[in-house]
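In: For reference, the sequence and a predicted model appear below.
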Amino acid sequence: MAARSRSLAPGPRATGAGVARFLIVALFIVFVLVPLYWVIITSIKPSSDYLTVPPVWFPAEPTIVHYTAALFSYRGLQGLINSVIIASAATVLSAVMGTMMAYSLARFNTGGQHLAFWVLSQRFLPPVAIVLPIFLLFRSWGLYDTHIGLILAYTFMTLPLSVWMMYAYFRQLPRSLEEAAWVDGLSRWQAFWMVAVPLAAPGVAAAAVFVFIAVWTEFFFALILTSRYAFTLPTIFRAFLGFQGAQYGEACALATTSLAPSIVLGILVQRHLVRGLTLGALRG
Amino acid sequence: MVAPAALLILVLSIYPLLFSMWVNFVNYDFQIPGHDFVGLQNFAQVINDPLAWSSLIVTIFLSLTVVVVEFVLGLALALAMVKTFRGRGVVMSILIVPLFISPVIVGQSWALFLQRPFGPADYLLSQLLGYPIAISWVGETPWVYISIIVADVWQWTPFIFVILLAGLAAIPPHLYEAAELDGIRPLQTFIYVTLPQLAPIILLAITFRLLDAVKLFDIIFMLTGGGPGTATYTTSFYLYQLGFQQFHLSVATAGSWIFLLLLSVVIMVLVRRLLRAEAR
């Protein structure tokens, strides 16, 4: 009965449950892919294909004009560069600080349950409640609409994610190796950097990718804290609000440019997805 | 080792919170100069604003609806995906794609997909149902709510699905074997074995999703802009309009404190329970 690998498609001995399973998964895949396909295919459609009935699903003459327009007329290129800089810097800062804090929480129980609870509760604060004072603070400190400002804001925003993912990871690692390192005369710092961090490297990498994706896709902070200079890719979509002209292709080209990197990264770390989504509360 | 992270969190959360405590009780408005003490006037202004209440109700309605729909769909998907089959890896990769897309792009994509004359949604529905369909997806209630719910369900069903799938896979197989030996029917096995085993994971998934769902902003911003009129103003969108479009900063701050206090009750209860579950 228990063949190791079955086909999802109902075979000759299909049961009712088997058919239902197949239908649920197949319908949801269609639901996921159709709008996504529409956006990606529209990004390479010539404008003359926009409004035809029935809609064009395979453009006869694909074009890249919308990409050049999105990147150069809508400042997509600068947004892309800003997004890469800001997301990379925030990822490094968040991963380093988060790993240090997580190690301390996991090994020395720093601050006990209160510190842990405080960090975790940051994850659930509604951005709208904290962004207003941060906006005023940034204006008075000259951090408004700067890369540094947004990098700090995103490091802060993603710390609960990196701390909690690494906290769960360190608690799984046996502490005997570090204790052996202490016995050998290494300081706690040395034991951390030379023993614990290398052991936890896969966890750090996974946490870093999730932080990067979180920053890459974030909109609200960037909307409030930037304007003409340090704006990120997602904030450019404001330009398409209301749709006065036929900018469908540009909007789709920009969307495709932005979603491709994070989807590729996400699929690469999908083994760690459950841990990432639940801040390490649940192992995959 | 805690210091750098704790310092940053302190500067960017405690300081702003203290600062906004002060803003709560003064005039802080880009249209009215000066910071005079105004007592509870900021709070009164929010509480007396009918839009604050209607946006709160829209927030509660939308977040509860999407969480219920996403839970039902996510559970169905998880049950369908729990056994291995050929091509499961590829199917898995497709199902989780929406999680890695910016919510702003999700809102933008659904706006493009649904809206006439450009979007193919009406055409597809007409073909499917066999008669012409012309729906104003973002211009009319109740369709506008359905559009928001569809976009949110599209993006976040995989969230609940992935968590529940991990929970299902962790249920010890001997429980099912025992149920089979006892001749228990599948539906009863589901009710008496699967659900109780899955309960803590369900709590976890719903806690995370609900606390994110109440922040609903990006999809509203791109898909409906709060409209038609103010029908789809959520609390986040309302406070954004108040603070950053009308620049009534102190009133918006008071409003966000009320929102925070309402939420913190939920956060305290749910997050404490999660921590306790994890400590075990």
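Out: Received the coordinates, thanks.

In: Could you find the closest non-adjacent residue to residue B:166?
Out: residue A:274 (4.4 Å; CB to CB, 6 or more residues apart in numbering or on different chains). No exception for glycine: its C-beta is placed from N, CA and C like everyone else's.

In: what about the one you found, which helix or strand?
Out: Residue A:274 belongs to helix A:273-277 when assigned by DSSP states H and E.

In: for the record, mean pLDDT for that helix?
Out: In this model, helix A:273-277 has a mean pLDDT of 85.

In: Would you check how far apart residue A:268 and chain B are?
Out: Between residue A:268 and chain B the computed distance is 10 Å (CB to the nearest CB, to the nearest Å).

In: which helices and strands sit right next to the longest helix seen in chain A?
Out: Taking DSSP state H as the criterion, chain A has its longest helix at helix A:76-108. Using 3 or more CB pairs under 8 Å, 6 or more residues apart in numbering or on different chains; DSSP states H and E, the elements in contact with helix A:76-108 are helix A:112-122, helix A:147-172, helix A:201-216, helix A:248-268, helix B:3-9.

In: Mean neighbour count added to those helices, as JSON lines?
Out: Listed next are the helices and strands packed on helix A:76-108 as JSON lines, based on neighbours: other CB atoms under 10 Å in any protein chain shown:
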{"stretch": "helix A:112-122", "mean neighbour count": "16"}
{"stretch": "helix A:147-172", "mean neighbour count": "24"}
{"stretch": "helix A:201-216", "mean neighbour count": "22"}
{"stretch": "helix A:248-268", "mean neighbour count": "21"}
{"stretch": "helix B:3-9", "mean neighbour count": "18"}
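
In: Per-residue pLDDT of residue B:159, please?
Out: 96.

In: Run a quick neighbour tally on it.
Out: Neighbouring residues of residue B:159 were enumerated by other CB atoms under 10 Å in any protein chain shown; the total is 21.

In: what's the neighbour count on residue A:241?
Out: 12.

In: Using the three-state scheme, assign the nearest residue to it once chain neighbours are set aside.
Out: Excluding the flanking residues, the one nearest residue A:241 by CB to CB, 6+ apart is residue B:225, at 6.7 Å. Put simply, residue B:225 is coil when judged by DSSP: H, G, I helix; E, B strand; the rest coil.

In: correct me, but residue B:225 touches residue A:238?
Out: No. Taking contacts as CB atoms under 8 Å, residue B:225 lies outside contact range of residue A:238: 10.7 Å.

In: between the two, which one's more packed in?
Out: Legend: neighbour count by other CB under 10 Å for residue B:225 and residue A:238, higher for residue B:225 (17 against 14).

In: Can I get the helices and strands packed on helix A:76-108 in CSV including distance to residue B:38 and mean pLDDT?
Out: Listed next are those as CSV, based on distance: least, CB to CB, whole Å; pLDDT from 0 to 100:
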stretch, distance to residue B:38, mean pLDDT
helix A:112-122, 30, 76
helix A:147-172, 29, 91
helix A:201-216, 37, 94
helix A:248-268, 43, 93
helix B:3-9, 30, 81
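
In: For residue A:103, find the nearest of those.
Out: helix A:147-172 (5.6 Å; CB to CB).
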